[in-house]
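Student: After the sequence you'll find the predicted model.
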Amino acid sequence: MTLQPPPDFLETAPLVPIELDASSRAILYIGPQASALLGFAPEEWLEPEFAQSRILPDDQASVEDARHAAIRSGVGHVDYRMQHADGHVIWVNECTRRVAGPDGGERLRGFLIDITDRKLQELTLWRSEARLRALLRHAPDAMVLTDAGGRILDMNDQAEALFGYRLSDVVGSSFDHFLPTRLQPRLPGLRAAFDRDPHRRSLVDGHTFAIERSDGIELPVELSMSLVAGTDDTRQLLCSVRDLTARRRIEAQLRSSERQLREMANVLPAMVCFLDTENRYRFVNDAYASWYGWERHQIEGRLLREVIGGHAYSEIGDSVEAALAGRPTHFRGRMEDGAGRTVPVDVTLVPQYDEGGAVSGYFVVVFDVTDEVAAREADRRHRAELAHVSRVATLGELAASIAHELNQPLSAIVANARAARRLLDGVVPDLDEVGEALEDIATSGRRAGDVIAGMRKLLQKGDPGEARNDRVNPAVLVEDVIELLRSEAIGRGVSVHTPAVAPPETFVLGDSIQLKQVLLNLLMNAIDAASRAPAGSRTVTTEVRRSEPSVELIVRDSGPGLPTKDPEELFQPFVSRRPGGLGMGLAISRSIVEAHDGQIVGEDDPEGGACFTVRLPLA
Amino acid sequence: MSHTPIAGPIAIVDDDDSVRRALSRLLQAHGMETLTHPSGREFLDSPTLHEVECLLLDIHMPGMSGLDVLEEIRVAATKLPVILMTGRYDDDFARRSLGAGASAFLRKPFEEEDLLRAIDVAIRERR
């Protein structure tokens, strides 16, 4: 062992010995390793200004500073860049010490070391760190950089604002610092879980994790961690902390409004559901689910066809199509429940739109209208019964006229029969005349039969089970009723006119007997009113007028006009102007007309007398 | 039944065509001559009015009723016997018609004998 360096140490060590004149900075000596360092022989280095010219201009000032420092204080260090003979740049560390030269002048003696590799590594590291810092600064979330032990290294402004601490206050302390005391024991476990699976991004779900601010307020957060760099010892963890307060509030509001909607939908006396554009249930209320004998979740997510069945699906297909095309639809139908029971329902489909205005689905609201239908049916029966009673009473009033209508053909029959008998008794029977008499008898018999049939129709109670829905021409109804009242009008000296020819192809749907009854009431009232006018001006005029989408049946009389201007009083029951009248005519007429979706109006005619108009929807 | 001989025609006024024809046929079978009119106005305006021996007149006709016709006949102070007919069951008409000078009142449908008797009586009364 010796303290002496090996004899070739200076020439072979991986560094370049150098000596410079302290005042002129001229290189006085440089080791042979200089060739390897820069690609130039040592002799070239000794040329004046050579080394200076190879130092990159940007670095020359710091080189000069370091040398100046060495002269002044004895030691100088500097890293700088030089241009290699082949053009690339190398990093050099120059380390010199001031020494006294043999001539008494000062010299700088030291080494040049090639530090290019180390510098490149440093630069890479610096660059990635700079990126990390920039990321930290500009991230929208609060970001905290910790070491492997959870000690805080850095954090961004957002984190300072969120936690209410300055970085300088917390740097070096544990991340636990930011957690409420009750949650702090959880962190090691979470960190261990992250260690086992470092790819896991979100450490905890935002619902249960919270941080505590410097002012003691707890905030719900979503915490994610990611591995930044380094080996086990040098790695860093980037913690991203997202404040969930606003999101929580919005979510809570959404949940609350959705809950309210559900609760509201559940107390509605209707079945409500929402389907998307694929006809998939997105929402159903309790009533809807229990209709099919299911729980809500058993229907939500399923397709419409699966739930209601193919048959029902084909029946409502058009309405669904319309709703998806943006048109609300409404219809009445029958619907089968989970137990196979069918009830009448009222169904409405309402399209819903997304923010872009496209149809996103549709609401279906279904009302069970069993009670309504039953009530309407009961109402219809009552009306039919009342109408029947009223018809019987009206025909009672017409007994004398009806008798006349029957007695006319009967008297013709009797006279013809007697005449025939007489003719047959003659010496030479006039068989031709007898034949004609018999023919007339048959005609009169038929006529009497027609009168009775017409009466029977009016006396019919009608099928109590179902409402009639005849397709009738109102003009024909008017003619029939005028025929029935012909004798009555003649008896009262009233002439009945039907001036305009009824418009062809005009039909209404309804109970022809009840509609006839309306006309019977109106015409009887009109004949009665007209009979109070002076002889010769006793007229009743009827008219059938098409007025899209309705048809108007008008009855005018030349009587004294309406007894009251109050339309309600006019249609009051048990008020009659006719002797023997029940006073039900107009009341029943109105209920019949309204049951046919029509209106009846009574008013004074400007030309005198009264005018009643019945408006019925065209079939 | 013996009947008073009838010199002139029996007029029948009724708006109902079948009744006019039947009554006319019956009276002709009994050898009487008949004239028929569908309305009172047509009868009153007919040129054969004064040849008529007896008038069978329906009360209920549109426009001019049988009672209106009867009144006009009485105003004209003719002694034409008038038998009123009605298909309505209304006693009030019977009283009013007899009060207005009708010789008989028949309710339809009536029997052959009742008609013939009424005509016989009416003609006899006229003479």
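Tutor: Cool, got the structure. Note that the structure is a prediction, hence the values are computed from the model and not measured. Numbers count the residues shown, from 1 in each chain, chains lettered A, B, ... in the order given.

Student: Which residues of the stretch 301-450 of chain A lie near chain B?
Tutor: Residues of the stretch 301-450 of chain A lying near chain B by Cβ under 8 Å from any Cβ of the partner chain: A:400-401, A:403-416, A:418-419, A:422-423, A:426, A:433, A:436-437, A:440, A:443-444, A:447. The C-beta positions use only the backbone N, C-alpha and C, and glycine is treated the same way.

Student: is whatever helix or strand B:Asp120 lives in anywhere near chain A?
Tutor: Assigning secondary structure by DSSP states H and E places B:Asp120 in helix B:112-126. Yes - under the criterion of Cβ under 8 Å from any Cβ, chain A is reached by helix B:112-126 at B:Glu112, B:Leu115.

Student: isn't A:Pro269 right up against A:Phe367?
Tutor: Yes - with contacts counted by Cβ atoms under 8 Å, A:Pro269 reaches A:Phe367, the gap being 7.3 Å.

Student: ok, these two, which is more surrounded?
Tutor: Neighbour totals were compared for A:Pro269 and A:Phe367, and A:Phe367 leads with 16 against 7 (other Cβ atoms under 10 Å in any protein chain shown).

Student: who does the more buried one bridge with?
Tutor: With DSSP bridges as the criterion, A:Phe367 is bridged to A:Asp346.

Student: Can you tell me the SS state at whichever residue of the stretch 201-350 of chain A sits closest to chain B?
Tutor: Here the residue of the stretch 201-350 of chain A nearest chain B is A:Arg332; by Cβ to the nearest Cβ that distance is 49.4 Å. Following DSSP: H, G, I helix; E, B strand; the rest coil, A:Arg332 is assigned to strand.

Student: confidence score at the closest residue to it other than its chain neighbours?
Tutor: Excluding its sequence neighbours, the residue lying closest to A:Arg332 (Cβ to Cβ, 6 or more residues apart in numbering or on different chains) is A:Asp346, at 5.5 Å. Looking at A:Asp346, its pLDDT stands at 91.

Student: burial of A:Asp346, as a residue count?
Tutor: Number of residues near A:Asp346 (other Cβ under 10 Å) recorded here: 17.

Student: wait, what's in contact with it?
Tutor: Under the criterion of Cβ atoms under 8 Å, 6 or more residues apart in numbering or on different chains, the contact partners of A:Asp346 comprise A:His330, A:Arg332, A:Val366, A:Phe367, A:Val369.

Student: one step back: which of the residues of the stretch 301-450 of chain A next to chain B are buried?
Tutor: Burial by neighbour count, 16 or more other Cβ atoms under 10 Å in any protein chain shown: within those this picks out A:400-401, A:403-416, A:418-419, A:422-423, A:433, A:436-437, A:440, A:444, A:447.

Student: now for chain B, which residue lies nearest the mean position of the chain?
Tutor: Within chain B, one residue has its C-alpha closest to the average C-alpha position: by Cα atoms, centre = their mean, that is B:Leu56, at 1.3 Å.

Student: Identify the residues contacting that one.
Tutor: Contacts of B:Leu56 were listed using Cβ under 8 Å, 6+ apart, and they are B:Ile10, B:Ala11, B:Ile12, B:Val13, B:Asp14, B:Leu23, B:Ile83, B:Met85, B:Leu115, B:Ile119.

Student: in the helix or strand harbouring A:Gly317, what counts as buried?
Tutor: Using DSSP H and E, A:Gly317 falls within helix A:310-324. Across helix A:310-324, burial judged by 16+ other Cβ under 10 Å covers A:Ala312, A:Tyr313, A:Ile316, A:Ser319, A:Val320, A:Ala323, A:Leu324.

Student: Reformat those residues as CSV; add distance to A:Gly39 and pLDDT.
Tutor: As requested, these are arranged in CSV below (distance: Cβ to Cβ, whole Å; pLDDT from 0 to 100):
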residue, distance to A:Gly39, pLDDT
A:Ala312, 92, 85
A:Tyr313, 87, 87
A:Ile316, 90, 87
A:Ser319, 89, 91
A:Val320, 84, 92
A:Ala323, 84, 92
A:Leu324, 79, 93
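
Student: Report all helices and strands that the helix or strand encompassing A:Leu275 contacts.
Tutor: Secondary structure here is read from DSSP H and E; on that basis A:Leu275 sits in strand A:271-276. Under the contact criterion of 3 or more Cβ pairs under 8 Å, 6 or more residues apart in numbering or on different chains; DSSP states H and E, the helices and strands touching strand A:271-276 comprise strand A:281-284, helix A:286-291, strand A:359-368.

Student: hmm, try it at 10 Å
Tutor: With contacts defined as 3 or more Cβ pairs under 10 Å, 6 or more residues apart in numbering or on different chains; DSSP states H and E, strand A:271-276 has these neighbours: helix A:245-267, strand A:281-284, helix A:286-291, helix A:304-308, helix A:310-324, strand A:342-353, strand A:359-368.

Student: Go through these and name the closest to A:His596.
Tutor: With distances scored as Cβ to Cβ, the stretch of the helices and strands packed on strand A:271-276 nearest to A:His596 is strand A:342-353 (20.1 Å).

Student: okay, now the residue of the stretch 201-350 of chain A closest to chain B: neighbour count?
Tutor: 11.

Student: Can you pull up the most central residue in chain A?
Tutor: The residue at the geometric middle of chain A, judged as the C-alpha nearest the mean C-alpha position with Cα atoms, centre = their mean, is A:Gln352 (3.2 Å).

Student: re the thing from before, show me the contact partners of the helix holding A:Gly317.
Tutor: Contacting residues not belonging to helix A:310-324 are listed as A:275-279, A:303-309, A:327-331, A:333-336, A:347-352, A:359-364 [Cβ atoms under 10 Å, 6 or more residues apart in numbering or on different chains].

Student: 6 Å - rerun?
Tutor: Outside of helix A:310-324, the residues that reach it under the criterion Cβ atoms under 6 Å, 6 or more residues apart in numbering or on different chains are A:Arg305, A:Thr329, A:Leu349, A:Pro351, A:Val359, A:Tyr362.

Student: Stretch A:117-134 too?
Tutor: A:Trp91.

Student: Pull out the buried residues from that stretch.
Tutor: Of the residues in stretch A:117-134, those buried under the neighbour-count criterion (16+ other Cβ under 10 Å) are A:Lys119, A:Leu132.

Student: any idea of the mean pLDDT for that stretch?
Tutor: Taken as a whole, stretch A:117-134 carries a mean pLDDT of 81.

Student: Alpha carbons only: can I get it in CSV?
Tutor: These are the backbone C-alpha positions of stretch A:117-134, laid out as CSV (Å, rounded to 0.1, in the frame of the first residue of the first chain):
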residue,chain,number,x,y,z
ASP,A,117,-24.8,11.8,-19.4
ARG,A,118,-25.6,13.1,-15.9
LYS,A,119,-26.8,16.4,-17.3
LEU,A,120,-29.1,14.7,-19.8
GLN,A,121,-30.6,12.6,-17.0
GLU,A,122,-31.1,15.7,-14.9
LEU,A,123,-32.7,17.5,-17.7
THR,A,124,-35.2,14.7,-18.4
LEU,A,125,-36.0,14.6,-14.7
TRP,A,126,-36.4,18.4,-14.5
ARG,A,127,-38.6,18.4,-17.6
SER,A,128,-41.0,15.7,-16.2
GLU,A,129,-41.1,17.5,-12.9
ALA,A,130,-41.9,20.8,-14.6
ARG,A,131,-44.7,19.1,-16.4
LEU,A,132,-46.0,17.7,-13.2
ARG,A,133,-45.9,21.1,-11.5
ALA,A,134,-47.7,22.6,-14.5
